[in-house]
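Participant: here are the coordinates; sequence isn't available:
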């Protein structure tokens, strides 16, 4: 799945979208807002290519001022972050995935979208 298709799947269709970046040296941290998913996609890919750690907000926002809960316009997903690694509960993503799949089965949850997040997993349940 390409970036734009993914963003269209997990983000609301209305509001402003936010990209958060951390510079390659870790010093500069910045939010930037975009009016369309296409603009967000371009910005995310460009900052990633520049070596910045890049995130997107899972909600859309009312104003291009702050990435806060009081500014949230809409949210379309429920998410879960499964951290994995030598100092975490799950030593690697494969062990984290086993536990996640057992949890989904035991709780009778719908199948989520699962994305590798480096050492761990980002899990998305898209809402109607």
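Facilitator: Arrived safely. Every value quoted in this text rests on a predicted model; they were computed, and no experiment measured them. Numbers count the residues shown, from 1 in each chain.

Participant: going by C-alpha atoms from here, please, whenever you check contacts or count neighbours.
Facilitator: OK.

Participant: packing partners of the lowest-mean-pLDDT helix or strand in the chain?
Facilitator: Lowest by mean pLDDT, DSSP states H and E among the helices and strands of the chain is strand 53-56, with a mean of 90. The criterion is 3 or more Cα pairs under 8 Å, 6 or more residues apart in numbering; DSSP states H and E, and the helices and strands that strand 53-56 contacts are strand 17-22, helix 37-49.

Participant: tell me the strands beside that strand, with direction?
Facilitator: Based on DSSP bridges, the pairing partners of strand 53-56 within the sheet are strand 17-22 (antiparallel).

Participant: picking that back up, buried stuff in the least confident helix or strand of the chain?
Facilitator: With burial defined by 16 or more other Cα atoms under 10 Å, the residues of strand 53-56 counted as buried are 53, 54, 56.

Participant: out of those residues, flag the one nearest to residue 99.
Facilitator: Of all those, the one sitting nearest residue 99 is residue 56; the distance, using Cα to Cα, is 25.8 Å.

Participant: do you know the pLDDT at the closest residue to that closest one other than its chain neighbours?
Facilitator: In space, not counting the residues next to it along the chain, residue 56 is nearest to residue 19; the distance is 4.5 Å by Cα to Cα, 6 or more residues apart in numbering. At residue 19, the predicted lDDT confidence score is 96.

Participant: verify the contact between residue 19 and residue 58 for me.
Facilitator: No - here residue 19 lies out of contact with residue 58, judged by Cα atoms under 8 Å, at a distance of 9.8 Å.
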